[in-house]
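# Fold the following, please.
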Amino acid sequence: MVRKAQSILTDLSTADLKRLLVARERIDVLEQEKSRLVRELAKVEKELVGLMTDASDPGSAPVRRGRKPGPRKGAKQAAAKKTARKAASGEAPKKKAPAKKSAKKKTAKKKSAKKKTVKKVAGKTAGRAGRPAGAKTVKKAPARASGRQTLEEVVLAVIRRNGKPMAFKDLMAAIVKGKLFATKSKNFDNVLRRTLSTSEVVKRVGRGIYAAA
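Below you'll find the model as predicted:
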């Protein structure tokens, strides 16, 4: 037997021996890992069996210790004794009155609202001081930009400068060429015609001819 083993070892090369050693070391590691997994599996199976037993038999579940939720017996007895003493002495139990607080809050809000209204009315009255009773408020007309003439004033100035009545086309040419009136209208001739027809300082003295009124 010894001779057979020696012959086997002599037949193997150094590389074969190294591979056998590495394989042996790996086998040892795997054996240890297998033993650890077997122990953990046993623990899991034990816990699983316990849980299945508790689920099938509810009466075997562990009972929790401690006081049940709810008021203590001592507090209940003290409250009962207090109520009994009041009933024996003829005192009526006191009732809470939360409605009074809410009523006070409402009254305070109403007072603050009245004060604000009075202040607003006083401010308006102060602004109207010195105005006769029944007088209406007259809105002021917007002031014209300083240094800028209206189209009607420009037409009147051109006619006066000319010294005699002018035809519509001459008025139009004088205003446009002299850049006497700035406008954004694309149809300035229509604007000029409308101004001449409604003007009180310029009158028509002939067909298409205008003079100062």
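# Now for the chain, the helix or strand with the poorest mean pLDDT.
helix 98-127 (a mean of 62; mean pLDDT, DSSP states H and E).
# and after that helix, which helix or strand comes next?
Counting by DSSP states H and E, the next helix or strand C-terminal to helix 98-127 is helix 151-162.
# buried set for that next one?
Judged by neighbour count using 16 or more other Cβ atoms under 10 Å, the buried positions of helix 151-162 are 151, 154-156, 158-159. Where C-beta positions appear, they are placed from N, C-alpha and C, glycine not excepted.
# From the domain annotation, what segments belong to each domain of this structure?
As given by automatic domain parsing, the domain ranges for the chain are 2-53, 151-212.
# And the longest one, end to end?
If I follow you right, that is domain 151-212. One end of domain 151-212 sits 14 Å from the other (Cα to Cα, to the nearest Å).
# quick one: which of the buried residues of helix 151-162 is nearest to Glu200?
Among the buried residues of helix 151-162, Leu156 lies closest to Glu200 (Cβ to Cβ), at 10.3 Å.
# For my notes, please list the domains of the chain in TSV and give distance to Gln77 and mean pLDDT for each entry.
What follows is those, written out as TSV (distance: least, Cβ to Cβ, whole Å; pLDDT from 0 to 100):
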stretch	distance to Gln77	mean pLDDT
domain 2-53	43	85
domain 151-212	95	91
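# Nearest to Arg85, out of those?
When the domains of the chain are compared (using Cβ to Cβ), the closest one is domain 2-53, at 54.9 Å.
# just to revisit the earlier point, need the max-distance pair from the buried residues of helix 151-162.
Longest span within those, Cβ to Cβ: Leu151 and Ile159, 12.8 Å.
# Could you pull up the residues touching Val201?
152, 156, 212-213 (Cβ atoms under 8 Å, 6 or more residues apart in numbering).
# Format these as a markdown table; extra columns: distance to Thr10.
A markdown table is the format used below for the contacts of Val201 (distance: Cβ to Cβ, whole Å):
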| residue | distance to Thr10 |
| --- | --- |
| Glu152 | 136 |
| Leu156 | 140 |
| Ala212 | 146 |
| Ala213 | 146 |
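# any idea how far Asp54 is from Ala42?
19 Å (Cβ to Cβ, to the nearest Å).
# In terms of neighbours, single out the busier of those two.
Asp54 (13 against 10; other Cβ atoms under 10 Å).
# before we move on, which element is the more buried one in?
Assigned by DSSP H and E, Asp54 falls within helix 14-56.
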